[in-house]
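>>> One predicted model, sequence on top.
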Amino acid sequence: MKAMILAAGKGTRLGTITETIPKALVEINGKTILRLAVEKCTAAGFGEIIVNVHHLAGMVEEEIARLNKAGYTIAVSDERESLLETGGGLYKARNFFNTEPFLVYNTDIVTDLDLKRLLEYHNRMKGLATLAVRERPGSRFFLVDRRGLLHGWCSRATGDRIIARSSNEKLEEIAFSAIHIIDPEIFKFMEEGVFTMTSLYLKMAPVHSIYTYRHDEGYWFDIGTPEILEAAKGFFEQVK
């Protein structure tokens, strides 16, 4: 099975840390978060991986070369010329994938989410995509019905609210975990450009079933700020 690890972001919220290294090479207790993501994907059966690169791309490619030498199978999608966001980046790498559902995983996410169960749920529900979600603090949320079907999106910070698919029931706000299983059919509805997967999902929601998968238990870190990075390091020091 195949996966894409999104690693092209500039990591500006990490401040001075990412002035000299790309976010993908930030370490937690001796391992880069890219290595942690590769190990997790591979352990779940997603053994063929493509990684997109942009900020300090050469350094990321050096780490990928080390991982390949260690026995992993990783290709590179080069976004040096233009950062394409999550949707545009995935579309650029479309020829890497085959006819099977595939995983998309943000490199800055560290979690114990069971990826095999996520895939099993996707295969059972037979939607266009299945998005991992959890109850957590935040400002932007998906709007889902009691079955976990995507209906819209909202921002608590701005008050913006998008209803893409009508519903007669009250919708629940739930936060995206930046991990998804996607059916390759989705490429039929994509084109070249700079866009996010969230915007694409909202565009597809009125006519295609996009499900969410809850994983409220366990840990989940978005290594986006120095404070969260230190919190993650401390957590794993305690569980050694």
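That came through fine. Because the structure is a prediction, the values reported are computed rather than measured.
>>> Look through this protein and report the residue furthest from the middle.
Ranked by distance from the centre of the chain (C-alpha atoms, centre = their mean), the top residue is residue 168, with 30.0 Å.
>>> Against residue 151, how distant is that one?
With distances taken as C-beta to C-beta, to the nearest Å, residue 168 is found 11 Å from residue 151. From N, CA and C alone the C-beta is placed, and that goes for glycine too.
>>> How about the secondary structure of the nearest residue to residue 12 once chain neighbours are set aside?
Nearest residue to residue 12, sequence neighbours excluded (C-beta to C-beta, 6 or more residues apart in numbering): residue 18, at 6.9 Å. Following DSSP: H, G, I helix; E, B strand; the rest coil, residue 18 is assigned to helix.
>>> I'd guessed residue 18 sits against residue 55; true?
Yes - proximity of residue 18 to residue 55 meets the contact threshold set by C-beta atoms under 8 Å, at 7.2 Å.
>>> what touches both of the two?
Counting by C-beta atoms under 8 Å, 6 or more residues apart in numbering, the common neighbours of residue 18 and residue 55 are 10-11.
>>> Just the mean pLDDT for the longest strand seen in the chain, thanks.
In the chain, with assignment by DSSP state E, the single longest strand is strand 172-182. The average of the pLDDT scores along strand 172-182 is 98.
>>> and that strand, which strands flank it?
Its sheet considered, strand 172-182 pairs with strand 102-106 (antiparallel), strand 129-134 (antiparallel), strand 140-144 (antiparallel) by DSSP bridges.
>>> Mind giving me the packing neighbours of the next helix or strand after the first one?
Yep, that's strand 102-106 we're talking about. Counting by DSSP states H and E, the element after strand 102-106 in chain order, helix or strand, is strand 109-111. In terms of contacts (3 or more C-beta pairs under 8 Å, 6 or more residues apart in numbering; DSSP states H and E), strand 109-111 is packed against helix 33-43, strand 172-182, strand 220-222.
>>> Show me where the protein has its helices.
Under the criterion DSSP state H, the chain contains helices at 17-20, 33-43, 57-69, 85-92, 115-125, 197-204, 226-238.
>>> what angle separates the last one from helix 33-43?
To tie it back to what came earlier, the one meant is helix 226-238. For helix 226-238 against helix 33-43, the angle by axes from the mean of the first three to the mean of the last three C-alpha atoms, to 10 degrees is 50 degrees.
>>> Include mean neighbour count when you put the helices and strands packed on strand 109-111 into JSON lines, please.
Listed next are the helices and strands packed on strand 109-111 as JSON lines, based on neighbours: other C-beta atoms under 10 Å:
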{"stretch": "helix 33-43", "mean neighbour count": "21"}
{"stretch": "strand 172-182", "mean neighbour count": "22"}
{"stretch": "strand 220-222", "mean neighbour count": "19"}
